[in-house]
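Asks: Structural data only, the sequence is not supplied:
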């Protein structure tokens, strides 16, 4: 009950537009003011909440102190390996990015062990800088462009040429990270979660992540839909031209071969047409009202939009009845690592009692 | 609380493999034997349960009477309008089909009003025959090959040439049905529900209904996924050949133009290839492990299977990691009207207290 109420109070502060007082929290939660005060004291002592000076008094009475999530305290380490870059960021409890490191380098020749060692070094730098800044990194999540099985085993990352890579074990081999729990997830899934949580807004959308490969994260009614084996969202391998270009996966005419980032600069009309055909399939199948274009698509959005919308208008059966909203991702290329870091932060927010036990 | 417990007892009997005694129901539900006995008595008096003679005694003691859903009492009227037939069935509380009428006739020249009048006559015959047999039809559900809005308004049924048809109002114009509540839903959705409920089994599957048009019902974790506006499952308008045949919807290369039932007899290899391309898209997007082919596809299943599986093997990224099961629908062409009738029956099973109030 106390664990539940601690989370309730923390969420109430996190979701408030302003800095609520203890009395406002009591009113919002239905808890007594005495209970709220005791819980708030524990959350302040544990380094999760902080008191904010009251605004200048405008009427009678003593203004109450407001409460806010602390920008010290626990933090999440978000990691990403993609085909042509490595990235690490540290996000604090308020969601602010406190450290951000990106290394552009083709990972295909390196192989999994060398890529993960290089990422480990980047992550260690981010962690040390964050801890020097007063934060405590409580866990890490890694975004990869591939199919991830339970336990974080990367079954296949076709555009990296990886197969059956135990990423958490390799990261634990980096001394500065050895104590940190690491989860692994598909980069488009994490980017979709990042977009959902950081920007709020639409509860149902398809997030499309355009890199060398193309992935998608499907958010239905506020939840990521992962599929039965966790392998949903492989939109890059939707067939757009059945007898078309040969794909790295062995099939012909996959979307990736027309709208992967390497085809964008020179070939946008075809990329937009191919994307429009694939996205029309998604809307016809799932009645998804919003499509978010992320990764390398975000900077090309203005040039892709018209061509995609022309295909949606022609090919979506319900186009005349209800519009499909197409928009660029808010977080740009950082969405996946932001989403990754957010999963760590969210675990603290959802279970502050565990954090307090560890901190105490 | 009594309403909840009545439903609990009824579901316990419905989901039992054998005919449970009052004592077995008490054990399964955690209710006291006295409470169960009182609830069972009410359900028997209200015509929802019936007592079954105990099996011949095999040991010591008096064998207890078993309980079963009644095959008299409430029943559901399932209706379907499709491009080339009208159909009506009555299903009793046990799920058994008690009346079944199918009229093969091209509905395209008739127009909505005449089709619904003809369906109304068929439905009235089914209802009268069922009521002469001791059943009470409590409601009707209508399956249509089109997009249905809230309130049962059929926005578009492209292959019937219908637009904005108020089917419940037209059916209420048939005197023998005027008192009956009628709901309307997409035929593939209802067929998927029929397949889910009548056959049990897989909680996540795509049901594909092959008629003149092609629709799909997507069942995720035991629930129909309808989409934000209720318009999911329009698989017939997935693009398989972007510059291909012109579809009735105005786009080129829709699946319907290669794998609709009119193309099956002469052209199975192309139909199977087109289906395989479209179904690969579904599996890549949603990681759905089971695909059920229904409607006109069921009798062609043996001839379509190889061609579809060849495309799935080539085009599904995870084909090597996890198999996709392809099977023919168990209910064949009756799935949609069976699913429709089942929604009526399910409403009685989920809320027996309302039925008892009406019956008493």
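Replies: Nice, I can see it. Computed from a prediction, not measured in an experiment: that's the story for all the values here.

Asks: and residue A:163, how many residues sit next to it?
Replies: Counted by other Cβ atoms under 10 Å in any protein chain shown, the residues lying close to residue A:163 total 12. Placement of C-beta: from N, CA and C, glycine included.

Asks: Just say helix, strand or coil for the closest residue to it other than its chain neighbours.
Replies: Excluding its sequence neighbours, the residue lying closest to residue A:163 (Cβ to Cβ, 6 or more residues apart in numbering or on different chains) is residue A:156, at 5.6 Å. For residue A:156, the assignment made with DSSP: H, G, I helix; E, B strand; the rest coil gives strand.

Asks: any idea how far residue A:156 lies from residue B:287?
Replies: Here residue A:156 is placed at a distance of 14 Å from residue B:287 (Cβ to Cβ, to the nearest Å).

Asks: Check residue A:136 too.
Replies: Per Cβ to Cβ, residue A:136 is found 36 Å from residue B:287.

Asks: And for residue A:166?
Replies: As judged by Cβ to Cβ, residue A:166 and residue B:287 stand 22 Å apart.

Asks: Between the two, which has more neighbouring residues?
Replies: Each of residue A:166 and residue B:287 has its neighbours counted (other Cβ under 10 Å); residue B:287 has more, 25 against 15.

Asks: In chain A, where is pLDDT below threshold?
Replies: Low-confidence segments of chain A (pLDDT under 70): A:55-62, A:267, A:360.

Asks: the helices in it, which residues?
Replies: A:2-14, A:22-29, A:33-45, A:112-132, A:167-172, A:187-199, A:256-259, A:268-286, A:297-315, A:335-350, A:352-359 (DSSP state H).

Asks: can I get the ones you listed in TSV with distance to chain B and mean neighbour count?
Replies: Below are these laid out as TSV (distance: least, Cβ to the nearest Cβ, whole Å; neighbours: other Cβ atoms under 10 Å in any protein chain shown):
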stretch	distance to chain B	mean neighbour count
helix A:2-14	25	18
helix A:22-29	28	18
helix A:33-45	30	17
helix A:112-132	18	19
helix A:167-172	17	19
helix A:187-199	12	26
helix A:256-259	10	27
helix A:268-286	4	25
helix A:297-315	5	18
helix A:335-350	19	25
helix A:352-359	28	17
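
Asks: what would the ones you listed look like in JSON lines with distance to residue B:349?
Replies: Formatted as JSON lines, the helices of chain A follow (distance: least, Cβ to Cβ, whole Å):
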{"stretch": "helix A:2-14", "distance to residue B:349": "34"}
{"stretch": "helix A:22-29", "distance to residue B:349": "38"}
{"stretch": "helix A:33-45", "distance to residue B:349": "43"}
{"stretch": "helix A:112-132", "distance to residue B:349": "53"}
{"stretch": "helix A:167-172", "distance to residue B:349": "47"}
{"stretch": "helix A:187-199", "distance to residue B:349": "37"}
{"stretch": "helix A:256-259", "distance to residue B:349": "48"}
{"stretch": "helix A:268-286", "distance to residue B:349": "30"}
{"stretch": "helix A:297-315", "distance to residue B:349": "41"}
{"stretch": "helix A:335-350", "distance to residue B:349": "37"}
{"stretch": "helix A:352-359", "distance to residue B:349": "41"}
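
Asks: Quick one: residues contacting residue A:278.
Replies: By Cβ atoms under 8 Å, 6 or more residues apart in numbering or on different chains, the contact set of residue A:278 is A:235, A:238, A:240, A:255, A:259, B:281.

Asks: At the contact with chain B, which residues of the stretch 51-200 of chain A appear?
Replies: With Cβ under 8 Å from any Cβ of the partner chain as the criterion, the stretch 51-200 of chain A meets chain B at residues A:147, A:155, A:156, A:158.

Asks: And the residue of the stretch 251-360 of chain A that's closest to chain B?
Replies: Here the residue of the stretch 251-360 of chain A nearest chain B is residue A:287; by Cβ to the nearest Cβ that distance is 2.4 Å.

Asks: is it true that that residue touches residue B:232?
Replies: Yes - with contact defined as Cβ atoms under 8 Å, residue A:287 counts as touching residue B:232 (4.2 Å).

Asks: Are there residues contacting both of those two? Which ones?
Replies: Contacts common to residue A:287 and residue B:232, judged by Cβ under 8 Å, 6+ apart, are residue B:226.

Asks: Could I get the full set of strands for the stretch 101-250 of chain A?
Replies: Taking DSSP state E, counting those that start in this stretch to define them, one finds strands in the stretch 101-250 of chain A at A:135-144, A:147-148, A:153-157, A:162-166, A:182-186, A:205-210, A:214-220, A:223-224.

Asks: Show me the one of those that comes nearest residue A:331.
Replies: Ranking those by proximity to residue A:331 (Cβ to Cβ) places strand A:205-210 first, at 10.0 Å.

Asks: List the contacts of the closest one.
Replies: The contact list for strand A:205-210 (Cβ under 8 Å, 6+ apart) reads A:187-188, A:191-192, A:195-196, A:214-219, A:235, A:259-261, A:264, A:275, A:279, A:282, A:286, A:288-297, A:329, A:335-336.

Asks: rewinding a little: just name the most buried of the strands of the stretch 101-250 of chain A.
Replies: Highest mean neighbour count among these (mean count of other Cβ atoms under 10 Å in any protein chain shown): strand A:205-210, with a mean of 29.

Asks: Just want the angle from that strand to strand A:214-220.
Replies: Taking axes from the mean of the first three to the mean of the last three Cα atoms, to 10 degrees, strand A:205-210 and strand A:214-220 form an angle of 170 degrees between their directions.

Asks: Alright, calling it a day.
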